[in-house]
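Enquirer: Just need the structure, nothing else, for what follows:
(chains A and B)
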Number of protein chains: 2
Amino acid sequence: MNWLAFVGLGLCGSCLSLRALDTLKASDYIYFDTYTSYIPGFGSEELSKLVGKAVTPLSREDVEDKGGRELIERALKSKVSFATLGDPFIATTHVYIRNIAMGRGIPTLYVPGVSIHSAAFSLVGLQIYKSGPTATIVEPSEIYRPRAAFEKVVGNLKRGLHTLLLLDIDVVKGRFMSFSRGAQVLAEGLIGYGVSPERLLGVGLSFVGSEGQSAVASTLLGLGGIHATAFPQSLIVPGRLDAVEAEALMFLGVNQEQLAAHARLVEELGR
Amino acid sequence: MNWLAFVGLGLCGSCLSLRALDTLKASDYIYFDTYTSYIPGFGSEELSKLVGKAVTPLSREDVEDKGGRELIERALKSKVSFATLGDPFIATTHVYIRNIAMGRGIPTLYVPGVSIHSAAFSLVGLQIYKSGPTATIVEPSEIYRPRAAFEKVVGNLKRGLHTLLLLDIDVVKGRFMSFSRGAQVLAEGLIGYGVSPERLLGVGLSFVGSEGQSAVASTLLGLGGIHATAFPQSLIVPGRLDAVEAEALMFLGVNQEQLAAHARLVEELGR
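Expert: Numbers count the residues shown, from 1 in each chain, chains lettered A, B, ... in the order given. Next comes the predicted model:
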């Protein structure tokens, strides 16, 4: 029997599930996506040790430009696992490869992994059912100053929704945006929408899902001066808060006054 | 050392992570939330066998009405795990218990589990970053016909966003809403908002995350006549679809004509 399994490894080296491990062990070939995400100290070699089998790292070019051709060719006759950090289908390109495989008649398997999209909200005690669409903050340059993230945050705030902000990463170049820098970029961007970064709350997160995970809450302006050392990092801008959520943020460092200012801001934007 | 660990088991019996298993094995006491969710053939006894330790099931009364008192009292002096299906902090009541623990000075740990909030979108190839707030469909009665879910779906469609719909469950009474019934309730409700269920697409999901997971896409009207036997089930109403997402839904059963009608409907609502 042949198949192509999309296996989520979750957000840390010991975050993969028993079923993910079994699926990898049952594979004839294991490939590892090394570019859409990054976990400190957990790459192809570490995965290979954990599973006890050879693991082939795939670069962006292998996966995107060639449309995962090697994966598909192998999976026509063998059991192939394509392992990714987090959850496999958070990346569009992986859905694209699954579509190709299904079009070629290859049975596909989906082994979910813990995703930043759920774990980030859980870590800080914000309710995921009140979250709006996710945005990504990219480092602005002279020629490229995208506003999509600012618009999504404002759109969500108007509906009282929380926003998860993923931060620019370039695994190949080893560049990772900190939540401190992300908060600065967002703060500058939001001023153009009449949103004051002294009044808006933000939550900075680092290495979510791992044993060393941490979170800190402050105003967006305050977050710009807080530096965490563990990567990857991300950022949440909360929307309307219920009593349990507000209390959870107080344990992360915000005070009553900041909560009240944030609540007034969200109400004003919602009008 | 003492702590209270909130341990996510994920969405199937072998879905828990290596770290979840290690945390449970390191615990002096293990409690299991048996009421916020349900997995066929995986209860306290099965968890106890997997971990090799005693597991105490907790009812809704134990967790909600008593505010997790036994958990807190035990965790003042011992290592305590509170295991839940999916991800621990998807339920407000678990955040509430963590807040109490933190207020009492108990160190808390968060071991994330795969959540339906990410896995449902991944299974069907829809992009989670384009999802709006989640809603729950409840079985309407003579005296209780909530419209919140309809309003959320329409609000999301107006912004082109996908909506995950959780379906009414009553674990104690053994009652679980099917996506077929959920689609019927939603179809009836949406007519009042001028949304025709013949034109709107829906995706019915069953037992997401497990080896027996499946998904089927049709119009919302069509889904009302499709019956899947595996539970729990859920439903997604897609918003604006890109080419990769549209192709993924075609593998689940929709055709070009239905995709075009859906796209026109979403554009009309967005005006």
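
Enquirer: switch to C-alpha atoms for all contacts and neighbour counts from now on
Expert: OK.

Enquirer: give me every residue that touches A:Phe231.
Expert: A:Phe231 is in contact with A:39-40, A:176, A:178, A:206-207, counting by C-alpha atoms under 8 Å, 6 or more residues apart in numbering or on different chains.

Enquirer: And the buried ones among the residues you listed, selectable in ChimeraX?
Expert: With 16 or more other C-alpha atoms under 10 Å in any protein chain shown as the criterion, this ChimeraX line picks the buried residues out of the contacts of A:Phe231:
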select /A:39,178,206,207
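
Enquirer: Residues contacting the worst-scoring helix or strand of chain A on mean pLDDT, please?
Expert: For chain A, counting by mean pLDDT, DSSP states H and E, helix A:60 ranks last in confidence among helices and strands (a mean of 80). With contact meaning C-alpha under 8 Å, 6+ apart, helix A:60 is reached by A:33-36.

Enquirer: and the following helix or strand past that helix, how far from the chain's centre?
Expert: Counting by DSSP states H and E, the next helix or strand C-terminal to helix A:60 is helix A:69-75. Offset of helix A:69-75 from its chain centre (C-alpha atoms, centre = their mean, to the nearest Å): 27 Å.

Enquirer: Same question for stretch A:228-245.
Expert: 13 Å.

Enquirer: and A:Tyr144, how many neighbours?
Expert: Burial measure for A:Tyr144: 9 neighbouring residues, criterion other C-alpha atoms under 10 Å in any protein chain shown.

Enquirer: that older thread, can you narrow the contacts of helix A:60 to ones near chain B?
Expert: By C-alpha under 8 Å from any C-alpha of the partner chain, no member of the contacts of helix A:60 lies near chain B.

Enquirer: And the residues you listed, which is closest to chain B?
Expert: Using C-alpha to the nearest C-alpha, A:Thr36 comes nearest to chain B of those, at 14.9 Å.

Enquirer: Spatially nearest residue to the residue in the stretch 1-150 of chain A that chain B sits nearest to (excluding sequence neighbours)?
Expert: With C-alpha to the nearest C-alpha as the measure, the residue in the stretch 1-150 of chain A that lies nearest chain B is A:Ser17; the distance is 3.8 Å. Spatially, and ignoring its direct neighbours in sequence, A:Ser17 is nearest to B:Ser17 (3.8 Å; C-alpha to C-alpha, 6 or more residues apart in numbering or on different chains).

Enquirer: pLDDT score for that neighbour?
Expert: pLDDT recorded at B:Ser17 is 98.

Enquirer: Isn't it up against A:Leu11?
Expert: No - contact between B:Ser17 and A:Leu11 fails when scored by C-alpha atoms under 8 Å: they sit 10.6 Å apart.

Enquirer: Three-state assignment for A:Arg240, please.
Expert: At A:Arg240 the chain is in coil, as set by DSSP: H, G, I helix; E, B strand; the rest coil.

Enquirer: just checking, it touches A:Leu161?
Expert: Yes - counting by C-alpha under 8 Å, A:Arg240 touches A:Leu161, with 6.4 Å between them.

Enquirer: neighbour-wise, which of those two wins?
Expert: Each of A:Arg240 and A:Leu161 has its neighbours counted (other C-alpha under 10 Å); A:Leu161 has more, 25 against 21.

Enquirer: ok, now which ones touch the residue lying closest to that one once chain neighbours are set aside?
Expert: Of all residues not flanking A:Leu161 in the chain, A:Gly239 sits nearest, at 4.5 Å (C-alpha to C-alpha, 6+ apart). A:Gly239 makes contact with A:156-157, A:159-163, A:266 under the criterion C-alpha under 8 Å, 6+ apart.

Enquirer: what would those residues look like in CSV with distance to B:Glu245 and secondary structure?
Expert: Formatted as CSV, the contacts of A:Gly239 follow (distance: C-alpha to C-alpha, whole Å; DSSP: H, G, I helix; E, B strand; the rest coil):
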residue, distance to B:Glu245, secondary structure
A:Asn156, 23, helix
A:Leu157, 27, helix
A:Arg159, 26, coil
A:Gly160, 27, coil
A:Leu161, 24, coil
A:His162, 24, strand
A:Thr163, 22, strand
A:Val266, 33, helix
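
Enquirer: Distance to A:Leu71 and pLDDT for those - can I get that in a markdown table?
Expert: Listed next are these as a markdown table, based on distance: C-alpha to C-alpha, whole Å; pLDDT from 0 to 100:
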| residue | distance to A:Leu71 | pLDDT |
| --- | --- | --- |
| A:Asn156 | 38 | 97 |
| A:Leu157 | 42 | 97 |
| A:Arg159 | 42 | 96 |
| A:Gly160 | 43 | 97 |
| A:Leu161 | 39 | 98 |
| A:His162 | 37 | 98 |
| A:Thr163 | 34 | 98 |
| A:Val266 | 47 | 97 |
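
Enquirer: In those, find the pair that's most separated.
Expert: Spatial extent of the contacts of A:Gly239 (C-alpha to C-alpha) is set by the pair A:Thr163 and A:Val266 at 12.9 Å.

Enquirer: The stretch 151-271 of chain A: helices as residue ranges?
Expert: Taking DSSP state H, counting those that start in this stretch, the helices of the stretch 151-271 of chain A run over residues A:179-191, A:220-223, A:243-251, A:256-270.

Enquirer: Make JSON lines out of the ones you listed and add mean neighbour count and distance to A:Ala230.
Expert: Formatted as JSON lines, the helices of the stretch 151-271 of chain A follow (neighbours: other C-alpha atoms under 10 Å in any protein chain shown; distance: least, C-alpha to C-alpha, whole Å):
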{"stretch": "helix A:179-191", "mean neighbour count": "21", "distance to A:Ala230": "11"}
{"stretch": "helix A:220-223", "mean neighbour count": "22", "distance to A:Ala230": "15"}
{"stretch": "helix A:243-251", "mean neighbour count": "19", "distance to A:Ala230": "20"}
{"stretch": "helix A:256-270", "mean neighbour count": "17", "distance to A:Ala230": "26"}
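
Enquirer: To chain B, which of those helices lies closest?
Expert: helix A:243-251 (6.0 Å).

Enquirer: all strands for chain A, in order.
Expert: In chain A, the strands defined using DSSP state E lie at A:3-8, A:29-33, A:56-58, A:79-84, A:108-111, A:135-137, A:163-167, A:169-170, A:175-176, A:201-206, A:214-219, A:233-237.

Enquirer: so how far is the fourth one from its chain's centroid?
Expert: Taking the mean C-alpha point of strand A:79-84 and that of its whole chain, the gap between them comes to 20 Å (C-alpha atoms, centre = their mean).

Enquirer: Return the residues in contact with the most centrally placed residue in chain A.
Expert: In chain A, the centroid-proximal residue (C-alpha atoms, centre = their mean) is A:Ile116; its distance is 4.2 Å. Contacts for A:Ile116 were tallied using C-alpha under 8 Å, 6+ apart; they are A:11, A:86, A:208-209.

Enquirer: isn't A:Tyr110 right up against B:Leu123?
Expert: Yes - look at A:Tyr110 against B:Leu123 with C-alpha under 8 Å: they come within range, at 6.9 Å.

Enquirer: residues from the stretch 51-200 of chain A in reach of chain B?
Expert: By C-alpha under 8 Å from any C-alpha, the residues of the stretch 51-200 of chain A that approach chain B are A:87-92, A:95-96, A:99, A:102, A:110-115, A:117-119, A:122-123, A:125, A:127-135, A:161.

Enquirer: Which ones among those lie within helices?
Expert: Within those, membership in helices is found for A:92, A:95-96, A:99, A:102, A:117-119, A:122-123, as judged by DSSP state H.

Enquirer: quick one, which of the strands of chain A is nearest to B:Ala183?
Expert: The closest of the strands of chain A to B:Ala183 is strand A:108-111. By C-alpha to C-alpha, the value is 24.7 Å.
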